[in-house]
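Engineer: Need a 3D model of the following:
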Amino acid sequence: MRIFIDTDVLLDVLLAREPHAAGSAAVLDWAEAHPGQASVSWHGLANLHYLSADGAERFIRELLRFCEVPATGSAEMLQALDLGFKDLEDAMQTAAALKFKAQAIVTRNTRDYRKSPIAPSTPDEILRHLM
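Structural biologist: Numbers count the residues shown, from 1 in each chain. As a prediction, this is how the structure comes out:
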């Protein structure tokens, strides 16, 4: 299964945000065991860098060993704008997931993805499906 990992899930692990860190880390463990089957967005990685105390460079390098970053550009940005999301960043995540041909978007904020053509799943939900 191809999954797209939302930035909130990555931040749970990077910042050890409880009570979510364990479930989010398990998603990354699955992704590491299945290289190339998970993706993250380019702009999401920039958000990790911005929000971390140390720039998250080591975390990002580790993540890129097994996660893909789909190439996105003008066409995907226009697609994001056309999705009709309230939050542009979530629409951009969805456009990146579409580019990757993801079958699920893994996020803790499933309500934010109500208009997504790709079904959102929480880390716990996707893990039940993957295992």
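Engineer: give me phi/psi at the residue lying closest to A119 once chain neighbours are set aside?
Structural biologist: Nearest residue to A119 in three dimensions, chain neighbours excluded: A104, at 5.7 Å (CB to CB, 6 or more residues apart in numbering). From N, CA and C alone the C-beta is placed, and that goes for glycine too. Reported as degrees, to the nearest 10, the phi and psi values for A104 are phi -150, psi 150.
Engineer: could you check the distance from A104 over to S39?
Structural biologist: Applying CB to CB, to the nearest Å, the value for A104 to S39 is 11 Å.
Engineer: Mutual contacts of those two, please.
Structural biologist: 2-4 (CB atoms under 8 Å, 6 or more residues apart in numbering).
Engineer: Which ones among these map onto strands?
Structural biologist: 3-4 (DSSP state E).
Engineer: Stretch 70-89: how far from the chain's middle?
Structural biologist: Centre-to-centre, stretch 70-89 and its host chain are 15 Å apart (CA atoms, centre = their mean, to the nearest Å).
Engineer: Can you tell me which helix or strand of this structure has the lowest average pLDDT?
Structural biologist: In the chain, the helix or strand scored least confidently by mean pLDDT, DSSP states H and E is helix 42-51, which has a mean of 92.
Engineer: Export the helix or strand following that one to PDB, keeping only CA atoms.
Structural biologist: Using DSSP states H and E, the helix or strand that follows helix 42-51 towards the C-terminus is helix 57-63. What follows is helix 57-63, C-alpha atoms only, in PDB (Å, rounded to 0.1, in the frame of the first residue of the first chain):
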ATOM      1  CA  GLU A  57      18.400  17.900   9.400                       C
ATOM      2  CA  ARG A  58      19.400  14.500  10.900                       C
ATOM      3  CA  PHE A  59      15.700  13.500  11.100                       C
ATOM      4  CA  ILE A  60      15.000  14.600   7.500                       C
ATOM      5  CA  ARG A  61      18.100  12.700   6.200                       C
ATOM      6  CA  GLU A  62      16.900   9.600   8.000                       C
ATOM      7  CA  LEU A  63      13.400  10.000   6.700                       C
END
